[in-house]
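Participant: Quick one, structure for this:
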Amino acid sequence: MIICLVALVSAGCTTAPKYPFAPAAEPLLEKEYRYEIGPGDSVQIFMWGYEELSGSFPVRPDGMITTYLVEDIPASGMTPTKLARNLEAVYAKYVRSPVVTVIVNGFVGIPSQQIRVIGEATTPLSIPYRKHMTLLDLVIAMGGITDFADGNDTVLARHANNKQKLYRVRLDDLVRDGDISANVNLLPGDILIVPEAWF
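Facilitator: Numbers count the residues shown, from 1 in each chain. Sure thing, here's the model as predicted:
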């Protein structure tokens, strides 16, 4: 899939296929979204009555955390609530009736919930999805598009229902002309491919 996306970036507007425009909203998927902890996140673990076991712990690249009492606890792919319940089960072997709260700091998230931008963005990036995030929010985060971008042939790659769909978005209209009708909702895992214009 990555090879195909890179090909889209380098193809330019002369050979880029014309995909359908991205839909304005998909509210069903918006309601299903729950943030999942990912490698690079930092989690604050608070155990009621056992402050000496509480603290802030990084999620390692392998998706595990190590706390003051237990090593190699899986964290990646879990909601904070799920991780808290798992920690309670682990800590129950060592302390009486543990009650754990998990707070996430420094959000990175799992790859399938990140939004990525490649190609002629001012700052290509990967950022965690936020609920109700739109194309305009993403454009602000990436600092706009370069002078060489073919913004109206930008491709949005979306993975849904075990299928990849490709859509067009109108970045030039949104960024350079201020056409808010070109704004669309984003979903977790979306990839924005901004091609180079051929003059």
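
Participant: neighbours of residue 56, just the number please.
Facilitator: The number of residues packed around residue 56, counting by other C-beta atoms under 10 Å, is 12. Where you see a C-beta, it was placed from the backbone N, CA and C, and this is true even at glycine.

Participant: what pairs with it across the strands?
Facilitator: Beta-bridge partners recorded for residue 56 (DSSP bridges): residue 44.

Participant: repeat for residue 164
Facilitator: Beta-bridge pairing of residue 164 under DSSP bridges involves residue 159.

Participant: Same question for the one 5 residues further on.
Facilitator: Going by DSSP bridges, residue 169 is paired in beta bridges with residue 154.

Participant: buried stuff in the helix or strand harbouring residue 90?
Facilitator: Assessed by DSSP states H and E, residue 90 sits inside helix 80-91. Residues of helix 80-91 classed as buried by neighbour count (16 or more other C-beta atoms under 10 Å): 80, 83, 84, 86, 87, 91.

Participant: And stretch 107-117, by the same measure?
Facilitator: Applying a neighbour-count criterion of 16+ other C-beta under 10 Å, the buried positions in stretch 107-117 are 107, 108, 109, 110, 113, 114, 115, 116, 117.

Participant: What are the contacting residues of it?
Facilitator: Under the criterion C-beta atoms under 8 Å, 6 or more residues apart in numbering, residues 33, 35-41, 76-77, 123-129, 133, 138, 142, 159, 186, 188-192, 194 lie in contact with stretch 107-117.
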